[in-house]
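> A predicted structure for the sequence below; I have some questions about it.
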Amino acid sequence: MEPNQFWAFGYGLLVGLLFSFYVWFRGYQERRRLKIELQRLRTHLDAHLELSYEGTSKRKGEIERLQRENENLRVTVKTWQQKPDRRELRQLHVYDHAVRTLMQNAPGFAPHWENALQKAEGVIEEEDRGVLAFARRLVLPKRNAGPPESE
């Protein structure tokens, strides 16, 4: 081998090695950059998933709370719908008193009914003013199952 060929081979080898080193170095840098980008994306994804999980769990908890509250309100409404009103109880008491009085005076129905109804309303109004009204307010809510009445 001649010295010129040796130097030509050496220069070619050196240029090839430099080119391969350059390609390796660029690949190394690109791998590092991609690794850093991947780590950043994983961190971002973890943060996003954590926030989504927290939001979802809060929404689920809120939905469960609202479902329990809705069920409680539904039961309360049903109870209140079935519970007779104080006016209805009073009217029922008036009619009961009037019917009992009518049964005692049975000959003529219509005049006696009106008379008995008026007397019963008078009796109930007197009961609403005295000690009996106080006692009835204490006793009637205990006889009816359900939430306490608000006046």
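Sure, I can see it.

> where in the protein is pLDDT low?
Across the chain, residues meeting the criterion (pLDDT under 70) sit at 1, 81, 84, 86, 103, 105-110, 130-151.

> helices along that one, start to end?
Under the criterion DSSP state H, helices of the chain are mapped to 3-82, 86-104, 109-129, 131-143.

> okay, the ones you listed in JSON lines with mean neighbour count next?
Yep, even glycine has a C-beta here, placed from its N, CA and C like the rest. Formatted as JSON lines, these follow (neighbours: other CB atoms under 10 Å):
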{"stretch": "helix 3-82", "mean neighbour count": "10"}
{"stretch": "helix 86-104", "mean neighbour count": "14"}
{"stretch": "helix 109-129", "mean neighbour count": "14"}
{"stretch": "helix 131-143", "mean neighbour count": "11"}
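
> could you measure from Arg40 over to Leu49?
According to CB to CB, to the nearest Å, Arg40 and Leu49 sit 15 Å apart.
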